[in-house]
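Novice: from the sequence below, what's the structure:
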Amino acid sequence: MLRRHARAACTVLAAAGMVLAGLQAGSATAAPPSPGTAPAVQSAARALGAGEARPELLAAMGRDLGLTRAQAERRLVNEAEAGATAARLRDRLGGAFAGAWVEGAESGSLTVATTRAADLAAIRAAGATARLVRHDLAALERAKESLDRAADAEAPVRYVDVRANVLVVEETRAGAGARLAAETGVARELVRVVRSAEAPRPLYDLRGGDAYYMGGGGRCSVGFPVTRGTTQGFATAGHCGRAGQSTSGYNQVAQGTFQASVFPGNDMAWVAANSSWTATPYVKGAGGANVQVTGSVLQPVGASVCRSGSTTGWHCGTIQQHNTSVTYPEGTISGVTRTTVCAEPGDSGGSYISGSQAQGVTSGGSGNCSSGGTTFFQPLNPILSNYGLTLRTAGTDPGPGPGEPEPGGTWKAGTVYAAGATVTYGGSTYRCLQGHQAQAGWEPPNVPALWQRV
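Specialist: Next up, the predicted model:
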């Protein structure tokens with residue numbers, strides 16, 4: 001984020017042979033359906049468009065992550081499949097689940113942690129590495145919530161490190177982390193204190209990553225174009241503006257008005273654009289090229305992610321932790337994702353995307369794009385859900401054709417579903433595995449990466 005008031009194939013799918021064979025259990029692509037039969041289910045990589053990355057995205061991954069183009073292509077496919085496998089295992093393990101992450105230059109290794117030894121065989125059978133740990137994820141997250149309520153700027157960042165099975169507190173003053181744990185009654189064995197000189201702050205300054213200007217001064221970046229009924233607009237960071245504040249576009253032409261904004265607590269907002277502006281399913285990539293957005297499935301820890309912003313353009317890195325809490329000078333925000341992608345003032349509100357899946361909008365961080373740093377994004381799905389917005393996407397299935405009525409049930413395109421939510425469709429019940437906004441072509445029977453029949 002920036003300071004306030006200043007600121008994309010079949011060949012690829014084939015190439016990922018080893019990981020797809022191991023991680024794709026239960027989600028292989030079926031043969032094309034015969035006329036009149038139900039559509040074939042899709043592998044996670046195919047459903048999420050992981051084999052269709054634009055050259056500009058692959059080039060940026062090469063620059064920032066040290067990958068060849070072939071490695072970048074395989075990485076995106078592997079991450080999509082790993083995310084689906086991790087989601088199915090989380091659903092199976094229940095309260096014993098202790099986190100999941102991908103590793104390796106091509107994200108070719110998925111590890112899933114559990115507190116129950118009886119689960120290890122099932123994890124390995126799914127193609128993942130199994131790790132037995134002491135603390136389940138839910139317990140660590142409850143402890144983090146306790147710290148969040150009492151934290152201040154001397155312990156500005158708190159998150160669960162699933163790789164280490166510990167709750168990390170970053171402190172800027174010696175002893176602050178230990179005092180916080182003692183004051184809240186959180187068991188010291190759950191906490192690892194890390195000294196940090198970083199001081200996260202918001203990054204201020206209709207295509208994702210384009211600049212916009214707030215009435216009264218300041219510049220931010222468009223997150224993701226959206227619609228709400230017939231109204232077009234975009235999601236962005238809440239610290240960029242308040243409800244009623246006007247905006248102008250990258251060209252300084254009158255653009256729209258903030259409709260709602262939350263900051264601190266969360267960092268979310270949306271702007272309704274006037275009739276001169278049209279929401280597109282694109283994020284601004286390297287050299288101004290369009291990068292398509294096809295959905296909003298949040299990717300796992302260790303996955304690659306790229307950011308577009310109006311100050312520093314297109315940069316990539318990896319997801320470090322989800323559900324992080326950060327205390328800025330203006331207050332605490334929770335539920336953000338911590339990344340290694342750099343950002344600078346003016347990039348605030350801009351787009352984070354993994355392959356073609358929208359991840360979130362830039363909130364804040366520390367460092368810069370010369371020396372590097374840490375940044376945080378507000379996940380997009382809560383913004384869509386909170387404000388009743390529909391993400392603009394490209395290349396989606398148009399839905400049933402003439403004479404093909406939608407099967408009955410509670411599933412509905414446009415709804416944002418969180419992991420664990422249940423729906424009915426075609427007479428069956430399904431449980432959501434990965435949070436996303438539903439769209440035509442992602443009906444529960446067809447996308448086992450997202451839905452489990454129960």
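
Novice: any chance you could map the strands in the stretch 51-200 of the chain?
Specialist: 97-103, 109-114, 129-132, 157-161, 166-171, 191-195 (DSSP state E, counting those that start in this stretch).

Novice: for the third one, give the mean pLDDT please.
Specialist: I take that to be strand 129-132. Average pLDDT, strand 129-132: 98.

Novice: where are the low-confidence patches of the stretch 101-250 of the chain?
Specialist: 203-205 (pLDDT under 70).

Novice: and what of the stretch 301-450 of the chain?
Specialist: In the stretch 301-450 of the chain (pLDDT under 70), the answer is 395-406.

Novice: at 50 instead, please
Specialist: 396-405 (pLDDT under 50).

Novice: got a markdown table for the strands of the stretch 51-200 of the chain, with distance to Ala418 and mean neighbour count too?
Specialist: The C-beta positions use only the backbone N, C-alpha and C, and glycine is treated the same way. What follows is those, written out as a markdown table (distance: least, Cβ to Cβ, whole Å; neighbours: other Cβ atoms under 10 Å):
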| stretch | distance to Ala418 | mean neighbour count |
| --- | --- | --- |
| strand 97-103 | 15 | 24 |
| strand 109-114 | 20 | 25 |
| strand 129-132 | 25 | 16 |
| strand 157-161 | 18 | 24 |
| strand 166-171 | 23 | 22 |
| strand 191-195 | 27 | 16 |
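
Novice: turn the ones you listed into a markdown table, columns for distance to Ser356.
Specialist: Converted to a markdown table, the strands of the stretch 51-200 of the chain look like this (distance: least, Cβ to Cβ, whole Å):
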| stretch | distance to Ser356 |
| --- | --- |
| strand 97-103 | 18 |
| strand 109-114 | 21 |
| strand 129-132 | 27 |
| strand 157-161 | 26 |
| strand 166-171 | 31 |
| strand 191-195 | 34 |
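
Novice: between those, which gets nearest to Ser325?
Specialist: Closest to Ser325 of those is strand 157-161 (Cβ to Cβ; 4.7 Å).

Novice: that closest one pairs with which strands, parallel or anti?
Specialist: Taking DSSP bridges as the criterion, strand 157-161 pairs within the sheet with strand 166-171 (antiparallel), strand 313-328 (antiparallel).

Novice: out of the strands of the stretch 51-200 of the chain, nearest to Val336?
Specialist: strand 157-161 (9.2 Å).

Novice: got the angle between that closest one and strand 97-103?
Specialist: 90 degrees (axes from the mean of the first three to the mean of the last three Cα atoms, to 10 degrees).

Novice: about what we covered before: a markdown table please, covering the strands paired with strand 157-161 and showing distance to Gln232.
Specialist: Shown next, in a markdown table, are the strands paired with strand 157-161 (distance: least, Cβ to Cβ, whole Å):
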| stretch | distance to Gln232 |
| --- | --- |
| strand 166-171 | 39 |
| strand 313-328 | 24 |
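
Novice: looking at the ones you listed, which is closest to Asn274?
Specialist: Checking the strands paired with strand 157-161 against Asn274 by Cβ to Cβ gives strand 313-328 as the closest, at 26.7 Å.

Novice: after the closest one, which helix or strand is next?
Specialist: Once the chain leaves strand 313-328, the next helix or strand it forms, by DSSP states H and E, is strand 331-339.

Novice: now do the buried residues in that following strand.
Specialist: For strand 331-339, a neighbour-count test (16 or more other Cβ atoms under 10 Å) marks 332-339 as buried.

Novice: output that strand as CSV, nothing but the C-alphas.
Specialist: Extracted C-alpha coordinates of strand 331-339, given in CSV (Å, rounded to 0.1, in the frame of the first residue of the first chain):
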residue,chain,number,x,y,z
GLY,A,331,-4.7,0.8,13.8
THR,A,332,-4.7,-3.0,13.4
ILE,A,333,-6.0,-4.9,10.4
SER,A,334,-6.6,-8.6,10.4
GLY,A,335,-7.0,-11.4,7.8
VAL,A,336,-4.4,-10.1,5.4
THR,A,337,-1.9,-12.2,3.5
ARG,A,338,1.9,-11.6,4.0
THR,A,339,4.1,-11.8,0.8
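
Novice: contacts for that strand?
Specialist: Contact partners of strand 331-339, identified using Cβ atoms under 8 Å, 6 or more residues apart in numbering, comprise 148, 151, 157, 159, 263-267, 298, 305, 307, 317-326, 352, 359-360, 363, 374-379, 382.

Novice: sounds good, over and out.
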